[in-house]
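*Asks:* Let's see this in three dimensions:
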Amino acid sequence: MALYNQSFNLNFQNSTILVTPHFVSGRKVFNISFGNAQPEIVITRKKDEGGFYWVPVSNTGFKDVEQIGRCIVEYFNMRSNQAGSHAARPKNN
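*Replies:* Next up, the predicted model:
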């Protein structure tokens, strides 16, 4: 579905971040660009017995990964609802 392959902007901590989805080795990852001097990060969602959680692909020590991940899920849920589609979309975590 094209919805999950297009870059989009999100409001995060009083600024706008650019989120660019990619597939790497069969896994969906999201490149996060902050538009300032802060380096970009790449995050992905993992699952264990406790459920889904968000992690940086490289060990960046960035502490807001889980918050950004929740914003991404909310964005996809909102877009899917606007399109009237309930097809394969990330579930709330």
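
*Asks:* ok, so what distance separates A37 from Y53?
*Replies:* Counting by CB to CB, to the nearest Å, the separation of A37 from Y53 is 28 Å. Glycine gets a C-beta too; all of them are placed from N, C-alpha and C.

*Asks:* so where do the strands sit in the chain?
*Replies:* Ranges of strands within the chain are 8-12, 15-24, 27-33, 41-48, 51-56, based on DSSP state E.

*Asks:* Listing partners with orientation, what would you give for the first one?
*Replies:* For strand 8-12, sheet partners with direction are given as strand 15-24 (antiparallel), following DSSP bridges.

*Asks:* Could you give me the buried positions within the partner strand?
*Replies:* For strand 15-24, the neighbour count (16 or more other CB atoms under 10 Å) marks 17, 19, 21 as buried.

*Asks:* pretty sure the first one contacts N31?
*Replies:* Right, I17. No: if you go by CB atoms under 8 Å, I17 and N31 don't touch, sitting 10.2 Å apart.

*Asks:* picking up where we left off before, now distance to Y75 and mean pLDDT too, for the strands of the chain, in JSON lines please.
*Replies:* Output for the strands of the chain, formatted as JSON lines (distance: least, CB to CB, whole Å; pLDDT from 0 to 100):
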{"stretch": "strand 8-12", "distance to Y75": "6", "mean pLDDT": "93"}
{"stretch": "strand 15-24", "distance to Y75": "8", "mean pLDDT": "93"}
{"stretch": "strand 27-33", "distance to Y75": "10", "mean pLDDT": "94"}
{"stretch": "strand 41-48", "distance to Y75": "13", "mean pLDDT": "93"}
{"stretch": "strand 51-56", "distance to Y75": "14", "mean pLDDT": "93"}
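
*Asks:* Let me have these in JSON lines, adding distance to Q82 as columns.
*Replies:* Formatted as JSON lines, the strands of the chain follow (distance: least, CB to CB, whole Å):
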{"stretch": "strand 8-12", "distance to Q82": "13"}
{"stretch": "strand 15-24", "distance to Q82": "17"}
{"stretch": "strand 27-33", "distance to Q82": "20"}
{"stretch": "strand 41-48", "distance to Q82": "22"}
{"stretch": "strand 51-56", "distance to Q82": "23"}
